[in-house]
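Novice: Predicted coordinates and the sequence they were generated for:
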Amino acid sequence: MATNGTSPGDTHALLLEILASIKSLRQDHAGLSSTVDAIEGRVNTLAGVKQLKDGLARDANLASPKIPPMVRRSRESITSLDGESKDVNPDAPLSSSPPPRRPSTTSKIILTSYPGQSGVDPIPLKWGASDPKERGPVVVNRGSTTIRKRNAVGAHGGSYAIYYALAVGSQQLNTDHIPDFTNTEPAVNIGPFPTWGDPKKIVAMDPLGHLAPWLFKDIIQKDHVDIRPTIAVTRAHMLLPELKESVVAGRLIPDGTICLNDQGELAVTKVAVEPVWYLPGIAER
């Protein structure tokens, strides 16, 4: 209902004009804000440059400190930390043996272990053994309870190992963290096959890598050794437009096992493998 002699058309036109004015004000305000931000950024940059130049000029104007002349001391005496002079026998023979080295600790970067190294006891690894207990796990981690048990060089995760390094470097992850592999067993049973027991057949991957945390569970629990899988086995469903067209056209008939339905949905098994190189076998090839 219109009042005071104003028609609905006039009211609508007035509201549209007010709305247009508000939009124009918003645009002007946004433009003004961006201009102010740009000016503020330039001012901050210029202020930083000026501060840097002033600091350099002030450092250049400072007088160089005068170093007092060194007093030549007799070789027959030296001054100890408490200020007392101690006599030195010039005829005494100098010791030719270097100072004793401190024992290696886990804080140092150790690329690998060596036979006879203090405190190092690598877990035995017999590549190609048919019995998993005789074959042994592949251990590469550097946790405090694992580093002295390592029998290989490397890192888990392939190129993703850089994320682990960043997490450790930023102190977001403890190096002694041992993951819990409960309910992460392979979705599909694979093997064993005769080639797993031949050291010359498989040299670029660990055939037991998908079962490592479960085959060597006792070592993980008793010795707190970080043993991780190098193969991940998962199951999934995959949709491909080409297969759907083949089902619709009748060229592909769903069997319920591989091709599951009339949408061309596939049941797939994915195996992600990390490289594990048995160097003698690699060198032989």
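Specialist: On my side now, so go ahead. Numbering: from 1, shown residues only.

Novice: what about this protein, any weak spots by pLDDT?
Specialist: Applying pLDDT under 70 to the chain flags the ranges 1-6, 38, 40-117.

Novice: which stretches of it form helices?
Specialist: Ranges of helices in the chain, per DSSP state H, are 8-61, 132-135, 161-169, 212-215, 217-223, 241-249, 279-284.

Novice: right, so of those helices, which gets closest to T145?
Specialist: Smallest distance to T145 across the helices of the chain (C-beta to C-beta): 7.2 Å, for helix 217-223. (C-beta placed from N, C-alpha, C; glycine too.)

Novice: helices and strands around that closest one, which ones?
Specialist: The criterion is 3 or more C-beta pairs under 8 Å, 6 or more residues apart in numbering; DSSP states H and E, and there are no helices or strands that helix 217-223 contacts.

Novice: Could you pull out the buried residues of it?
Specialist: Taking 16 or more other C-beta atoms under 10 Å as the neighbour-count basis, helix 217-223 is seen to contain the buried residues 219-220.

Novice: contacts for that helix?
Specialist: Outside helix 217-223, the residues that touch it by C-beta atoms under 8 Å, 6 or more residues apart in numbering are 123, 137, 145, 149, 178, 213, 225-227.

Novice: can you put the helices of the chain in JSON lines and add distance to T234?
Specialist: Formatted as JSON lines, those follow (distance: least, C-beta to C-beta, whole Å):
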{"stretch": "helix 8-61", "distance to T234": "48"}
{"stretch": "helix 132-135", "distance to T234": "22"}
{"stretch": "helix 161-169", "distance to T234": "20"}
{"stretch": "helix 212-215", "distance to T234": "16"}
{"stretch": "helix 217-223", "distance to T234": "21"}
{"stretch": "helix 241-249", "distance to T234": "20"}
{"stretch": "helix 279-284", "distance to T234": "28"}
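
Novice: Tell me which of those helices sits nearest to A204.
Specialist: With C-beta to C-beta as the criterion, A204 lies closest to helix 279-284 of those, at 7.0 Å.

Novice: re the thing from before, so which of the helices of the chain is the most packed in?
Specialist: Highest mean neighbour count of those: helix 212-215, a mean of 18 (counted as mean count of other C-beta atoms under 10 Å).

Novice: Return the alpha-carbon coordinates of it using PDB.
Specialist: In PDB, the C-alpha atoms belonging to helix 212-215 read as follows (Å, rounded to 0.1, in the frame of the first residue of the first chain):
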ATOM      1  CA  ALA A 212      57.000 -56.800   8.100                       C
ATOM      2  CA  PRO A 213      55.100 -55.400  11.100                       C
ATOM      3  CA  TRP A 214      53.300 -58.600  11.700                       C
ATOM      4  CA  LEU A 215      56.100 -61.100  10.900                       C
END
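
Novice: Tell me the gap between that helix and the middle of its chain.
Specialist: For helix 212-215, the distance from its own C-alpha centre to the chain's C-alpha centre is 23 Å (C-alpha atoms, centre = their mean, to the nearest Å).

Novice: Could you list every helix and strand that that helix packs against?
Specialist: Using 3+ C-beta pairs under 8 Å, 6+ apart, no helix or strand is in contact with helix 212-215.

Novice: Give me the contacts around that helix.
Specialist: For helix 212-215, the external contacting residues (C-beta under 8 Å, 6+ apart) are 132-133, 137-138, 181, 184-185, 206, 208, 220, 227-230.

Novice: ok, now with 7 Å
Specialist: Residues outside helix 212-215 that contact it (C-beta atoms under 7 Å, 6 or more residues apart in numbering): 132, 137, 181, 185, 208, 220, 227-230.

Novice: Quick check on F193: phi, psi?
Specialist: The phi/psi pair for F193 (degrees, to the nearest 10) reads phi -120, psi 160.

Novice: wait, what's in contact with the nearest residue to G158 once chain neighbours are set aside?
Specialist: Using C-beta to C-beta, 6 or more residues apart in numbering and skipping residues adjacent in sequence, the residue nearest G158 is E274, 5.7 Å away. E274 makes contact with 156, 158, 209, 230 under the criterion C-beta under 7 Å, 6+ apart.

Novice: quick one: E274 and D37, what's the gap?
Specialist: Note on E274: its distance to D37, by C-beta to C-beta, to the nearest Å, is 48 Å.

Novice: can you check E17 too?
Specialist: In terms of C-beta to C-beta, E17 sits 31 Å off from D37.

Novice: Same check on V268?
Specialist: 51 Å.

Novice: Please apply the same query to Y278.
Specialist: Plainly put, Y278 is 60 Å away from D37 if you go by C-beta to C-beta.
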